[in-house]
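# 3D model of this:
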Amino acid sequence: MPSVVDMEILIVGAHGTIGTAVTEHFRALGHSVTTVGRTRGDIRCDMADDVQLEAMWRSVGRTDAVVCAAGEVPFAPFEKLTTADFADAWNRKALAQINLVRMGVDNVAPDGSFALISGIPSRDPVMTGTAAATVNGAVEAFVRAAAIEIAPQRINVVSPSVLTESLHAFDASFPGFPPVDAADIARAFRKCVEGGNTGKVIELP
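Predicted structure coming up:
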């Protein structure tokens, strides 16, 4: 695997709450970070748009590791979820991350890695969280399957509980769930990037 000193790391979704913590964490460790976001960052890209994603990879060139902290899903009662809601969740959380990897394998070092993001509803469902559970489970299944095909490149996924910094918005949807700080999620991504695992779901807590 690449030296854990001064790796080139691409962080997608770098300016959200989780992405900001991840970016700061890797920079503090001495890595060279390139940030990607829909509206700001070193590179602007909506990863749900194949054309933009292809352009992003052409701009990036070669990198040692890719971290994705992006992906939106709707939370709504089951009876109110529409085909469009499920399609949007699939496109923005699952397919976008799948394509990030699929289009990027030739840009990542042969012994480099990908680290994606899912979430706790796939293993501990909540009311209003059916769409989230569905696409998070898809991301995790993809990681387990892709790991055996892209080796020696590695791929893992971080699956956090509700974010401490977002409790004000999501506490009612996750009653009694232990929250996870963004800084702890950043450390889990470090485990994915600097560790040796592949095909793993890193659950927090």
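
# As a check, name the ranges of all helices in the protein.
17-28, 50-60, 83-89, 96-104, 130-150, 167-170, 182-194 (DSSP state H).

# possible to save these as JSON lines with mean neighbour count?
The way it works is simple: take the backbone N, C-alpha and C, and place the C-beta from them, glycine included. Formatted as JSON lines, the helices of the chain follow (neighbours: other CB atoms under 10 Å):
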{"stretch": "helix 17-28", "mean neighbour count": "20"}
{"stretch": "helix 50-60", "mean neighbour count": "15"}
{"stretch": "helix 83-89", "mean neighbour count": "15"}
{"stretch": "helix 96-104", "mean neighbour count": "20"}
{"stretch": "helix 130-150", "mean neighbour count": "20"}
{"stretch": "helix 167-170", "mean neighbour count": "12"}
{"stretch": "helix 182-194", "mean neighbour count": "20"}
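
# Out of those helices, which gets the lowest mean score?
Between the helices of the chain, the one with the least mean pLDDT is helix 167-170; it has a mean of 94.

# Dump that helix to PDB, restricted to CA.
Only the C-alpha atoms of helix 167-170 are listed here, as PDB (Å, rounded to 0.1, in the frame of the first residue of the first chain):
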ATOM      1  CA  LEU A 167     -29.100  15.700  16.300                       C
ATOM      2  CA  HIS A 168     -31.200  18.900  16.200                       C
ATOM      3  CA  ALA A 169     -32.600  17.800  12.900                       C
ATOM      4  CA  PHE A 170     -32.700  14.000  13.200                       C
END
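
# which parts of the strand ranked longest in the chain are buried?
In the chain, assigned by DSSP state E, the strand with the most residues is strand 108-117. The neighbour-count check on strand 108-117 (16 or more other CB atoms under 10 Å) flags Val108, Ala109, Gly112, Ser113, Phe114, Ala115, Leu116, Ile117 as buried.

# hmm, back to that, take the helices of the chain and lay them out in TSV including distance to Val157.
Converted to TSV, those look like this (distance: least, CB to CB, whole Å):
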stretch	distance to Val157
helix 17-28	13
helix 50-60	19
helix 83-89	16
helix 96-104	8
helix 130-150	4
helix 167-170	20
helix 182-194	8
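
# Val5: which of those helices is closest?
When these are compared by CB to CB, helix 182-194 sits nearest Val5, at 9.9 Å.
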